[in-house]
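> okay, structure incoming, though there's no sequence with it:
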């Protein structure tokens, strides 16, 4: 069955790129443009995975992820952080918020698709690199 | 001059100020040796206790009465002229007279007698008796003369405040005209006291200067740290802001290249790949700038430990061998058999980064068919790792410049993704961060040798 990915991203170019590549790889794509919108979309549509930009106006990706992980209805949905922040502390913050994956922009679109597949296949288990 | 230069350190035996009480014999009759010593110790304590020069001098001058004179005044030298900082007279009426007189009678540089002459000659001066003719000659107005006469000056003794061969001021003692002159002991004691005062002034001034310098230095340091933080924040933001559009450029190019949007012709594909290569280069620049900034402002943490050199050289080979082979360059001294059993005290990742940078640079500047040698040498507590190439070498005037950010000696060089002009600057900062250094020796036409210096591991 076709898997549904919720893409939470404020940048229109990035929305477009990731939407196309995910669709190309056979995923159904939902889109939200900020954290608040993302949380409500996740509650309404229960996607299989969320690609979450971390830096967004209004509610940012970390806050949105914390809300999702605190809500039993959405806690099980894997969240992959997608961000231009490359510092170790940013990565640690994403992990602390509950993200299952972390992709640093710029990232090749096919790597996004590959990471999505990998996480869906492992049922959202954390990659070894993020375990402490 | 008979200055007593041997100064006893302050704060030695405790001494009662009783030695300075009214029962002490008045000046002019000679001061008993014991009383003199006691007085000097008390004065020395006062001098050592305070850094406020003027108050201290006035206090000491007051303590010295009536041992060394009936009254006295103190002058401090300020550049070319003298400033009278205290007139001390036990009699309030006379004090007022003296002050009135002296404020209307500032010492002149060419006065034949008194303070200016003592400052000029650095010698003490005793005038006895002070005659009426002298007063007439010294007075600058009839009113002046009237006051001078009323002060009933019989004898004057002026001693310099001499420290480190420089006259900082003078103290002048006065005995009224119904008393005797100053004794030899009075002069010695006054000179000794003058020297102590001078040292105290000198110390206070040095201390003041040192304190000011410290305050200035601390302020500068704080400012530099704040500036560094601001730079860091700016660079972090810049990095993020630059990455976002780069991500879009690269992303769309990747979409086109992967054929998601439909098949491309060979020429279109070649153009798209140029966009990708340049996008990656630009990204490399952004990352290098941020990386350099982090090292330069001390935001990089070093995991210093004993590292087997062999392991680092092996990792370096894995990364560098294909690069060298591609250009037909022999790279010796890397690989599984290199490094011996030597331990270096370093952060292994940072050392690898430096090594990769140096060898990759050498590959870049060595013509095809050339050779690169990586060697190491342990000398006492230090270890040197050398990367030598047989390329064109570096002119003497450029040998330090190449370690500056963004300096590339030949702008015509085809810059690869690593050609950001930051490699050597970062490498040197990293080496310094590990307690070592990075230097270069080179002769034009004879190749270059870069030397990483590190501490030897303790094992």
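On my side now, so go ahead. In this text the structure is predicted, and so the values were computed from the model without any measurement. Numbering: from 1, shown residues only, chains lettered A, B, ... in the order given.
> what ranges does the stretch 51-200 of chain B have for its strands?
Remark: strands assigned in the stretch 51-200 of chain B by DSSP state E, counting those that start in this stretch are B:71-78, B:81-88, B:125-127, B:153-163, B:166-176.
> what lines up beside the shortest one in the sheet?
Here the strand partners of strand B:125-127, with direction, are listed using DSSP bridges: strand B:153-163 (antiparallel).
> pLDDT at the residue positioned nearest the centre of chain B, what is it?
Note on chain B: the residue nearest the mean C-alpha position is residue B:217, at 7.4 Å, using CA atoms, centre = their mean. Here the pLDDT value assigned to residue B:217 is 90.
> what helix or strand is it located in?
Using DSSP states H and E, residue B:217 sits within helix B:184-258.
> now the angle between strand B:166-176 and that helix, please.
For helix B:184-258 against strand B:166-176, the angle by axes from the mean of the first three to the mean of the last three CA atoms, to 10 degrees is 150 degrees.
> would helix B:184-258 count as contacting chain A?
Yes - applying CB under 8 Å from any CB of the partner chain, one finds helix B:184-258 in contact with chain A at B:236, B:239-240, B:243-248, B:250-252, B:254-255, B:258. Where C-beta positions appear, they are placed from N, C-alpha and C, glycine not excepted.
> I'd like to know how many residues surround residue B:116.
Number of residues near residue B:116 (other CB atoms under 10 Å in any protein chain shown) recorded here: 20.
> that one is in contact with residue B:77, isn't it?
No - counting by CB atoms under 8 Å, residue B:116 does not reach residue B:77; the two are 10.1 Å apart.
> distance of the residue nearest to the centre of chain B from chain A?
32 Å (CB to the nearest CB, to the nearest Å).
> that residue: what's it in contact with?
Residue B:217 sits next to no residue when contact means CB atoms under 8 Å, 6 or more residues apart in numbering or on different chains.
> still on that earlier bit, comparing the strands of the stretch 51-200 of chain B by mean pLDDT, which bottoms out?
strand B:81-88 (a mean of 83).
> buried residues in that one?
The neighbour-count check on strand B:81-88 (16 or more other CB atoms under 10 Å in any protein chain shown) flags B:82, B:84, B:85, B:86, B:87, B:88 as buried.
> those also near chain A: which ones?
Answer for the buried residues of strand B:81-88 near chain A: none qualify (CB under 8 Å from any CB).
> quick check: which element contains the residue most central in space within chain A?
Taking CA atoms, centre = their mean, the centroid of chain A lies closest to residue A:51, which sits 1.9 Å from it. Per DSSP H and E, residue A:51 falls inside strand A:49-53.
> what angle do helix B:184-258 and that strand make with each other?
Going by the same axes, to 10 degrees, strand A:49-53 makes 130 degrees with helix B:184-258.
> hmm, strand A:49-53 touching chain B?
No - using CB under 8 Å from any CB, strand A:49-53 stays clear of chain B, coming no nearer than 9.8 Å.
> where do the strands sit along chain A?
A:4-8, A:28-32, A:49-53, A:79-83, A:101-104 (DSSP state E).
> now the stretch 301-450 of chain B
For the stretch 301-450 of chain B, the strands defined by DSSP E, counting those that start in this stretch cover B:305-308, B:330-332, B:343-346, B:371-379, B:382-389, B:437-442, B:448-456.
> and those: which comes nearest residue A:21?
Closest to residue A:21 of these is strand B:330-332 (CB to CB; 39.4 Å).
> give me the helices and strands touching that closest one, please.
helix B:309-326, strand B:371-379 (3 or more CB pairs under 8 Å, 6 or more residues apart in numbering or on different chains; DSSP states H and E).
> quick one, the longest one and strand B:448-456 angle?
With the same axes, to 10 degrees as the criterion, the two stretches helix B:309-326 and strand B:448-456 enclose an angle of 160 degrees.
> starting at the chain centroid, how far to helix B:309-326?
On the basis of CA atoms, centre = their mean, to the nearest Å, helix B:309-326 is displaced by 44 Å from the centre of the chain it belongs to.
> which elements pack onto that helix?
strand B:330-332, strand B:343-346, helix B:348-365, strand B:371-379.
> tell me which of the ones you listed is the most buried.
Mean neighbour count (mean count of other CB atoms under 10 Å in any protein chain shown) peaks for strand B:343-346 among the helices and strands packed on helix B:309-326, with a mean of 24.
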